[in-house]
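Asks: Just need the structure, nothing else, for what follows:
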Amino acid sequence: MRFEREFTVLTKNKLPFFIILWLSLDFIILGKFAFISMGDNADIVLSGLIANKKLGDSVQFWNMFSTGGVDRIAQGYYGALDVWLFKYLPGWFAYQLRAVSQIIAAVLGTYFLCRRNLGFSPLASAVSGFLYAQVAFSGQLIQSVMLYLPVSILALSLVLENPAKIIRWAFLIFIGLVISLTAYLSRLAPFLAFVHFLWFAFVERKQNPRDWGIIILFSIAVVGLRFPDYMAAIANGLISDRHEAQIFSNYSPINVLQNLVPSFYNPVRVIATACLVLALIFCWKNVRNFNRIAAALIVGIGLALIATMLRPVFTPYLPLLGSFDLGRMIEYLWIFMAMGAGGFVHWLETAKKRNGELQSDSKLLFKKAPVLIIILIFAASLNAKYKTAKDWISQGSYVNVFESPVYMDLAGRMRKIGLPNRVATFQIYPNILHAYGIETVGGYQALQLKRYKEFWNKVIAPSQSNHRGDRFMLNPAIFKPDWDFSAEYNVKLLSLANMKFVVSRDRLSSPNLIPIRELDKPWHSLTTFEKVKKNAVNNFTGHDDLYVYENANAFPRFFFGKSIKSFASSDQTLDAMAKATLKDLRESVYLEKSYLTDDFSGKTTLGGGRIELLKYSADEISLRIELQGDGFLVATNGFSPFWTVSIDGKPGKIVPAYHTFWGVFLPKSTKTIVFKYVVPWRLGYGN
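Replies: Residues are numbered from 1 along each chain as shown. Here you go, the predicted structure:
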């Protein structure tokens, strides 16, 4: 009954609900016109989940929209609950439902833990919830594990307190499902279990083996529900750009500790850290359970440092570990930092009880200080509101990003063509177009094919200012209204990759680009006021300040090679492709010698013919073929060993044509070809 009594008390304390209302205000007032953040949010998770709806009711495992294609499950953000929400609810509503639920979970979960488990006052508990909900940025769906974390601790605590109550088990199972089926994979393990261990080992100090059995089983089950995703990530990680990238291999203990240092650009973190430091000075002996929070925090920091130092030992055996951010363990310790800050407020509130009669000036100070702190936090949160308003103008609303009439028109134009084609975006996030059912030449995913990245590096090689990194974008670091597109990039390789259209905010020039939509003025010729005005309008009507060009030299998605040029290595193949003329690329398939079969090694010319597309879906493609001789079919989809091909019902072989794409040797008698994606794991969703 303790929890039920506490819930009754909560309903009388309006402050947590006011905090939730304040943090959710943008969504509540503006609805679908509210700001959505980019980063790993709108341009990856949201666009992917909305695009998934375009695939229909059947389960598809290959994401055909991005960078030649990638394994969908391996990307880590297709949790079943998110997939369901975005499939059956309007996208803007599904997003806001998730975002607001994260705020509610962070505030109320932290509040309840502080009240019932730590014995903090209502005000101190509300301060902890307020701080934690803001430290874990609530607009980002990839932060879901961090924001739902307090509720998972609370649910476990309730079950351990009284395992006989079925309703508590139901609550625990529900929370476990929500966390698992909405988690961004790289934020789930080992971080959830890490914080569970710290809480129950140092704060609640559980010693009963039965209790630890429940804790361990729950932590394993939450991760285990995503077992197919992990298997897909491991299998595809070995052929991805991250396998050898080692992004975090040089991440030192100093880098880990820097995550604890608050940035003055985030005043909420500054306040939380200041209160925590004061709590460490005054509350160690004076606030019940504070020393337990401090112990969990200190041990957590130590474990994060040890994990970082041990990474080089295990990376040679687990190469993907070098691209996994173990330093994120520090971020998950903010729950203890927020509670420590709340402990300081509780100490201020209970000063009179500890010290008897205080002097009048001291009494006033201790009476007003807690209220002043929460007012200060509200004031500091205005910085986040200001940033949101600023980004609303610069990045846009849901309508601006995902209900653009230009992108809708382009998607309709591409459907009328009747054959698959790709679009390139210039200084625009490519993934946004996936939400419209448009495949893009560039893009960004957690795991992208290594061969495609090597190809992409040749595409952007001519540019002196294009951003390099894990986002495959045509994105120079400078801004101007007019660009010579063919001087900036290797347009011949983009044409080979089936780039049929180009979308840009500025004017592009290239012999192969035909304007089909133009503007009076390019974006970067506008004044700041004009940009603000246009973006504000677009937030309610959809983005329409866009040029659209058609590429007259685009290769079809499927074509027959006329001859084969072979090279000793993949590097030589790519180098030759980068230097080739458009005619060279059309006349010859560039192939590594090791993939050239005996039947074709002596042939100077190959048979042409006709290709009819029978079926085009994410996981299966069927073609009807008419050949005039033995031929070589090229499909400009990203090469993956997990795609199979059958030729007239018999198994065939896909080889990497042009280093990056699919190639299939075909006998003259070929009539039908069927490509299928066979998932590289056997348990869970797949076959």
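Asks: So what's the residue count around Ala29?
Replies: One correction, residue 29 is Ile, not Ala. The number of residues packed around Ile29, counting by other CB atoms under 10 Å, is 9. From N, CA and C alone the C-beta is placed, and that goes for glycine too.
Asks: Then Pro481?
Replies: Residues within reach of Pro481, counting by other CB under 10 Å, total 13.
Asks: can you check Val406 too?
Replies: The criterion is other CB under 10 Å. On that basis, Val406 has 17 neighbouring residues.
Asks: wait, doesn't it sit right on Leu546?
Replies: Yes - counting by CB atoms under 8 Å, Val406 sits close enough to Leu546 to count as a contact (4.6 Å).
Asks: Common neighbours of these two, please.
Replies: Overlap of the contact sets of Val406 and Leu546 (by CB atoms under 8 Å, 6 or more residues apart in numbering) consists of 503, 517.
Asks: So the residue nearest to Glu454 when sequence neighbours are not counted versus Phe661, what's the distance?
Replies: For Glu454, the nearest residue in space outside its immediate sequence neighbours is Leu574; the separation is 6.1 Å by CB to CB, 6 or more residues apart in numbering. Using CB to CB, to the nearest Å, Leu574 is found at 12 Å from Phe661.
Asks: Next: Phe130.
Replies: If you measure Phe130 against Phe661 using CB to CB, the figure is 52 Å.
Asks: Neighbours of Ser509, how many?
Replies: Once other CB under 10 Å is used to define contacts, Ser509 is seen to have 13 neighbours.
Asks: which residues of the stretch 201-350 of the chain score low on pLDDT?
Replies: Applying pLDDT under 70 to the stretch 201-350 of the chain flags the ranges 243-253, 255-265, 285-287, 314-324.
Asks: can you give me the helices in it?
Replies: 209-224, 227-237, 253-258, 267-282, 290-314, 329-332, 334-349 (DSSP state H, counting those that start in this stretch).
Asks: picking that back up, settle it for me: which of Leu574 and Phe661 has more neighbours?
Replies: Phe661 (25 against 21).
Asks: where does that one land on pLDDT?
Replies: On pLDDT, Phe661 comes in at 97.
Asks: For Leu613, give me its contacts.
Replies: With contact set as CB under 8 Å, 6+ apart, Leu613 has these partners: 418-420, 558, 621-623.
Asks: And it, which helix or strand is it part of?
Replies: The secondary structure element spanning Leu613 is strand 609-616 (assigned by DSSP states H and E).
Asks: Buried residues, that strand. List them.
Replies: Taking 16 or more other CB atoms under 10 Å as the neighbour-count basis, strand 609-616 is seen to contain the buried residues 609, 611, 616.
Asks: which residues touch the second one?
Replies: By CB under 8 Å, 6+ apart, Ile611 lies in contact with 558-560, 623-625, 633.
Asks: partners of it in the sheet?
Replies: Ile625 (DSSP bridges).
Asks: got it, and the one 10 residues further on?
Replies: Here Ile621 shows beta-bridge partners Tyr616, Phe675, assigned using DSSP bridges.
Asks: burial measure for it, as a count.
Replies: Neighbour number of Ile621 under other CB under 10 Å is 24.
Asks: Tell me who's in contact with it.
Replies: Taking CB under 8 Å, 6+ apart as the criterion, Ile621 is in contact with 613, 615, 635, 674-675.
Asks: which one of the residues you listed is nearest Leu55?
Replies: Set against Leu55, the nearest of the contacts of Ile621 by CB to CB is Lys615 (13.5 Å).
Asks: thought the closest one was touching Ser622?
Replies: Yes - between Lys615 and Ser622 a contact is recorded at 4.0 Å, counting by CB under 8 Å.
Asks: Tell me how far the nearest residue to Tyr132 once chain neighbours are set aside lies from Val268.
Replies: Closest residue to Tyr132 in three dimensions, ignoring its sequence neighbours and counting by CB to CB, 6+ apart: Ala338, at 3.8 Å. Distance from Ala338 to Val268, counting by CB to CB: 10 Å.
Asks: now do Phe282
Replies: For Phe282, the distance to Val268 under the criterion CB to CB works out to 21 Å.
Asks: And what about the closest residue to Ser24 other than its chain neighbours, helix, strand or coil?
Replies: Taking CB to CB, 6+ apart, and ignoring the residues beside it in sequence, Ser24 has Val100 as its nearest neighbour in space, at 4.9 Å. At Val100, secondary structure determined by DSSP: H, G, I helix; E, B strand; the rest coil is helix.
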